[in-house]
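> Sequence first, predicted coordinates after that:
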Amino acid sequence: MPKRLTDRYDVDAIRFTRAAPQKALARDLLGVVDSIRPGGSVFYILCDTPEDSGDEISVLIDGDTIIHFELPRLHFKRTRVVGGPPTDIQIESLEEFRKRIGQGRRRLLLDRAVDDAHRHRA
């Protein structure tokens with residue numbers, strides 16, 4: 001059955017919190033994110049791109065900060081096994097990120113995630 005168009009903007013699928021890191025990847029990412037910028041409460045995986053050396057990941061933290069990093073892997077074709085600390089770390093404000101990505105699908109997902117983060121932080 002084909003996915004509905006609105007499924008691509010489902011923020012529940014990309015959200016994790018300290019109280020409920022539902023997937024193994026979210027539990028692992030929580031430690032990585034805390035090592036880069038500690039203290040967040042609600043997180044959204046905006047981008048998870050597999051590369052030869054690891055995964056390029058972008059995470060929205062509390063609806064106001066974006067962190068980008070690469071997470072090295074020991075075995076690319078197997079289940080994710082983290083091969084070391086995050087590399088190529090970049091921290092960006094929400095406004096900088098919005099300007100950089102412009103309009104479109106990524107922006108719609110970002111705006112929904114930001115709205116959802118504000119509801120979950122309250």
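Yep, it's here.

> how about the helices of the chain, start to end?
Along the chain, the segments classed as helices by DSSP state H run 24-36, 94-101, 105-121.

> Go through the shortest one and flag the buried ones.
The neighbour-count check on helix 94-101 (16 or more other CB atoms under 10 Å) flags L94, F97, R98 as buried. For glycine as for every other residue, the C-beta is placed from the backbone atoms N, C-alpha and C.

> quick one on the thing from earlier: how about the helices of the chain in TSV, adding distance to I67 and mean pLDDT?
Below are the helices of the chain laid out as TSV (distance: least, CB to CB, whole Å; pLDDT from 0 to 100):
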stretch	distance to I67	mean pLDDT
helix 24-36	5	82
helix 94-101	10	94
helix 105-121	14	91
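
> of the ones you listed, which approaches D64 most closely?
helix 94-101 (5.1 Å; CB to CB).

> List the contacts of the residue lying closest to L60 once chain neighbours are set aside.
Closest residue to L60 apart from its sequence neighbours, by CB to CB, 6 or more residues apart in numbering: Y44 at 4.2 Å. Applying CB atoms under 8 Å, 6 or more residues apart in numbering to Y44 gives the contacts V11, I14, R15, F16, V59, L60, A113, D116, A117.

> confidence score at Y44?
At Y44, the model reports a pLDDT of 93.

> I am finished for the moment; much appreciated.
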